[in-house]
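K.L.:
Below are the sequence and a predicted model; questions follow.
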Amino acid sequence: MTDLEKKTVEGIISAEQADPMVKEWQATLKKEWDEYLASGKTTLFDSATLHKLQTYNGGDKAGKPVLIDTFADNTLPAINWLESLGMEFKGEVFTVLGALWNRSHKPVKPLGTGYIETYMNYISENSSDIEIMVDTKADSFIVEDGVVKGVNAEKNGGKVTLRANKGVILAAGGFGANSEMREQYNTVWPSLKDVKTTNHTGATGDGIIMAQEINASLVGMEYIQLLPMGDPKTGSLSGNIEQGVQNRIFVNKEGKRFVDEGARRDVMTKALMEQTDANMWVIVDQHSYPTGDTKNNFNETIDDLVAAGRAFKGDTLEDLAKQIGVDPASLVNSVETFNKAVDGTISDEFGRTLFADKIDTAPYYAGARVPTVHHTMGGVEINEHAQVVDANGQIIKGLYAAGEVTGGIHGTNRLGGNALADIAVFGKLAGQNAALAK
Ligand SMILES: Cc1cc2nc3c(=O)[nH]c(=O)nc-3n(C[C@H](O)[C@H](O)[C@H](O)COP(=O)(O)OP(=O)(O)OC[C@H]3O[C@@H](n4cnc5c(N)ncnc54)[C@H](O)[C@@H]3O)c2cc1C
C-alpha cells in the first residue's frame, strides 16, 4: 500500500457526495479504513465498500447506487461460487486496464475458456434437462396477459417457439458491434461509425431492441466504452502487450507520454484521440516479459508477436525507438522521467498513482494501439432483483435480465474487470429469482 494509494482512499472518503446511500458507503469505508490503519498492515487495502465507491465515482455518479450495492457485495461470493463449480483463478490479483485498483482476478485458462468449461461441465454433470441451442436467433418475446412467457426464435430458417415455466432471462449482450445503434445513441464521442471494435459479431443489441418492443425502459444508452487498446488493423485486443496497469507506459508518435496510464478508460481514450493519428505505442520491458515465451492476456507469446511484426523488441530504448519511428531522445527522456516518478523522486507529470517497477531492464518492447469500441454501459433497466423495469417504472412480469444487455450499473464509464463481475453476480441473481418465481 503506497502513500499515493493511501491518498486515493482518503480522497474517496472525504469527497462531496449527495446520495444518502453513497454517504453511508463513505461512513462504512471510513470505519474500515481506520481499522486497517490501526492494524498496522502494509498490504493493499480493499473492501466491497471501496469497490462500490470506485464504481460509482468512476461512472460519474450516473450508476444506480442500489444496483452497485448489490453488485459489489456479491462479487467476492460470485468468485467463491465459480470456484466451487471448478473455475480456477490465478493466486495473485492484478490491475486490468481502467480498473483503478489492484483487484482483477485472472483465470488460469485463457480467453474465457475457463468460464465456458466450468458452466458446461456443471451442466453436463448436474442438469441433464438443460438444452443449449446454438445458432438459434431470438426475435421477440411471447407475452400473455402482461407476463413474459417465452421467446419466438429462428433456427436454420425455421421458426422455433420456446416457452418458459418460470421466467425468461435476457442475456443477449451489448451493442458494441452494431455501428448503426452506436450512431443512433452516441452523444458523447465523435462519430463511432467507422471505429472498429474489440467485441464479437453477436454484440448486436438484439436483446435491447426486443425488450424495447415490450416497453422496457432503457438507461444510459449514450454511454459507449472505448479502449485505447485496439489492434490498428482489426480493433481487437489481441496483440496487446500490456500485462496490467503498473508496468507500462503509453507514448505518442513523438515519443512522449500524454496521459495517466492508470486512469479511467474514457479519459485515456479521449487523450489518445488528441494525439497524432490517434495512434500510440505501449512500452514495456523485461518486467512484463521475463522470457520470450511469456504470454499476454490473449495467449500470445511476446516472441511470436515480434516475429509477426505485431510488436517490436530492442536491446536499448534507442534501438526500440528507431524501429518504431519515434525520436530516440524523446523516448529515453519519457522513460527516464517516468522512472523518477516510480521511485518517488518526482510527482508524476500526469498524476499517475499506480506503479510497480521502473522501465529499465532490457529487452524493451513496443506495440501499436488505437481507439476501439469495447463495451456498452447502457441497456435494459433492471432492479436489484434483476427484474426488468418498464418505461412506467413497473416490473415486467416474467422477464429478468443480466450482463451487458442491461444498463444502470456502470454509469458513464465501466471500470476494468467490472463486466465479468457483473455477469456473474446478476446472472446468478436472475437465475435464482426466476427459479424461485411462482
Ligand atoms: C475482447 C474482450 C475482452 C474483455 N475482457 C474483459 C475483462 O478482462 N474483464 C471484464 O470484466 N470484462 C471484459 N470484457 C467485457 C465482458 O467480457 C463482457 O461485458 C461480458 O462478457 C458480457 O457478457 P454477456 O453475457 O452479457 O454478453 P455476451 O458475452 O456478449 O453474450 C451475449 C450472447 O448473446 C448472443 N445473442 C445476441 N443476440 C441474440 C439473439 N437475437 N438471439 C440469440 N442469441 C443472441 C450473442 O451472440 C452472445 O453469444 C471484455 C470484452 C471483450 C470484447
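P.N.:
Received the coordinates, thanks.

K.L.:
ok, residues contacting stretch 292-310?
P.N.:
106, 110-111, 231, 237-243, 288-289, 311-313, 365, 367 (CB atoms under 8 Å, 6 or more residues apart in numbering). For the C-beta atoms, the positions are set from N, CA and C on the backbone; glycine is no exception.

K.L.:
just stretch 38-54 next, same as before
P.N.:
Counting by CB under 8 Å, 6+ apart, 1, 5, 9, 12, 22, 25-26, 28-29, 32-33, 36, 65, 68-69, 71-73, 75-76, 100-103, 415 sit against stretch 38-54.

K.L.:
ok, 7 Å please
P.N.:
1, 9, 12, 25-26, 28-29, 32-33, 36, 68-69, 72-73, 75-76, 100-103, 415 (CB atoms under 7 Å, 6 or more residues apart in numbering).

K.L.:
Could I get the contacting residues of Asp348?
P.N.:
Ala341.

K.L.:
Give the helix, strand or coil label for it.
P.N.:
Assigned with DSSP: H, G, I helix; E, B strand; the rest coil, Asp348 falls in the coil class.

K.L.:
still on that earlier bit, please pick the buried ones from the contacts of stretch 292-310.
P.N.:
106, 231, 237-243, 288-289, 311-313, 365, 367 (16 or more other CB atoms under 10 Å).

K.L.:
what number of residues lie near Pro107?
P.N.:
Using other CB atoms under 10 Å, Pro107 has 18 other residues around it.

K.L.:
Pairing partners for it in the sheet, please.
P.N.:
On the basis of DSSP bridges, Pro107 is bridged to Phe89.

K.L.:
Contacting the ligand as well, which ones from the buried ones among the contacts of stretch 292-310?
P.N.:
Leu237 (CB under 6 Å from any ligand atom).

K.L.:
So which of the buried ones among the contacts of stretch 292-310 sit within strands?
P.N.:
Among those, DSSP state E puts Lys106, Phe312, Lys313, Tyr365, Gly367 in strands.

K.L.:
any idea how far the ligand is from the fourth one?
P.N.:
With the distance defined as CB to the nearest ligand atom, to the nearest Å, Tyr365 ends up 21 Å from the ligand.

K.L.:
Pull the contacting residues for that residue.
P.N.:
Tyr365 neighbours (CB under 7 Å, 6+ apart): Ile241, Val284, Tyr289, Ile302, Ala311, Phe312, Lys313.

K.L.:
which among those residues gets closest to the ligand?
P.N.:
Relative to the ligand, the closest of those is Ile241; by CB to the nearest ligand atom it sits at 15.1 Å.

K.L.:
Tell me the pLDDT of the closest one.
P.N.:
Turning to Ile241, the model gives it a pLDDT of 98.

K.L.:
nearest residue to it other than its sequence neighbours?
P.N.:
Of all residues not flanking Ile241 in the chain, Gly367 sits nearest, at 4.0 Å (CB to CB, 6 or more residues apart in numbering).

K.L.:
Tell me what the one you found is bridged to.
P.N.:
Val282.
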